[in-house]
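S.K.: dropping the sequence and predicted coords here.
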Amino acid sequence: MNDTVILAAIAGAHGIKGEVRLKLFAESLDSLKRHKAFVATRGAEACTLTLQSMRPDKAGAIARFAEIADRTAAEGMRGMTLAVPREALPPLADGEYYHTDLIGRAVVSTEGVDVGSVIAVENFGAGDILEIQKADGKTFMVPFNPQAVPEVGTVITLDSRFVE
């Protein structure tokens, strides 16, 4: 498992005073607010950002970090992900997963046939969706619910009716 968990990504600048728009991967804005510092990364580039304030926005959140002083600096942060150490997060209940832990897992059908691997977990408002890449490079999406995904372990089992 990774030692950090990504909770948000910087989508761009907001205003002229260094605020940034965030795309949230966390359960809620409150679950993000409890953290005072984040590891911001983009490729090999990394820095620590100290949270000063955060408020909701129609597409996620608006945040101010101590290290981002103006719009130019905020624009330069676009695309950076914000992570916290795994140990700073609350323990998971049965049936709960961090998206980062699902990405890369192998997927097999209920008949035991290799399907591919999870390459992304999306949520467009109606629940989590797994994006699965097959060996031929083609991808497809399935709802991440017990009907489509009856078992999640080191390998994810997909009901054969959902295999494309």
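M.R.: Sure, I can see it.
S.K.: only C-alpha atoms for contact and neighbour calcs from this point on.
M.R.: Will do.
S.K.: and the most centrally placed residue in the chain, backbone torsions?
M.R.: The residue lying closest to the centre of the chain (Cα atoms, centre = their mean) is residue 25, at 4.3 Å. Main-chain dihedrals, residue 25, degrees, to the nearest 10: phi -110, psi -10.
S.K.: and what of residue 110?
M.R.: Torsion angles, degrees, to the nearest 10, at residue 110: phi -60, psi -10.
S.K.: again with residue 105
M.R.: When quoted as degrees, to the nearest 10, the phi and psi of residue 105 stand at phi -70, psi 140.
S.K.: which residues does it contact?
M.R.: 117-118, 154-156 (Cα atoms under 8 Å, 6 or more residues apart in numbering).
S.K.: again with residue 151
M.R.: Per Cα under 8 Å, 6+ apart, neighbours of residue 151: 157-158.
S.K.: I'd like to know how far it sits from residue 157.
M.R.: Between residue 151 and residue 157 the distance is 5 Å, computed by Cα to Cα, to the nearest Å.
S.K.: could you do residue 104 as well?
M.R.: 14 Å.
S.K.: could you pull out the buried residues of stretch 94-108?
M.R.: For stretch 94-108, a neighbour-count test (16 or more other Cα atoms under 10 Å) marks 99-100, 102-103, 105-108 as buried.
S.K.: which residues does the lengthiest strand in the chain contact?
M.R.: In the chain, taking DSSP state E as the definition, the longest strand is strand 45-57. With contact meaning Cα under 8 Å, 6+ apart, strand 45-57 is reached by 29, 33, 35-41, 61-67.
S.K.: let's see which of those end up in helices.
M.R.: 29, 33 (DSSP state H).
S.K.: write the PyMOL selection for whichever of the contacts of strand 45-57 are buried.
M.R.: Buried residues within these, by 16+ other Cα under 10 Å, are selected in PyMOL with:
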select buried, resi 29+37+38+39+40+41+61+62+63+64+65
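S.K.: from the contacts of strand 45-57, pick the one nearest residue 127.
M.R.: residue 29 (17.1 Å; Cα to Cα).
S.K.: quick check: the closest one touching residue 62?
M.R.: No - using Cα atoms under 8 Å, residue 29 makes no contact with residue 62, being 10.1 Å away.
S.K.: right, I'll call it a day here.
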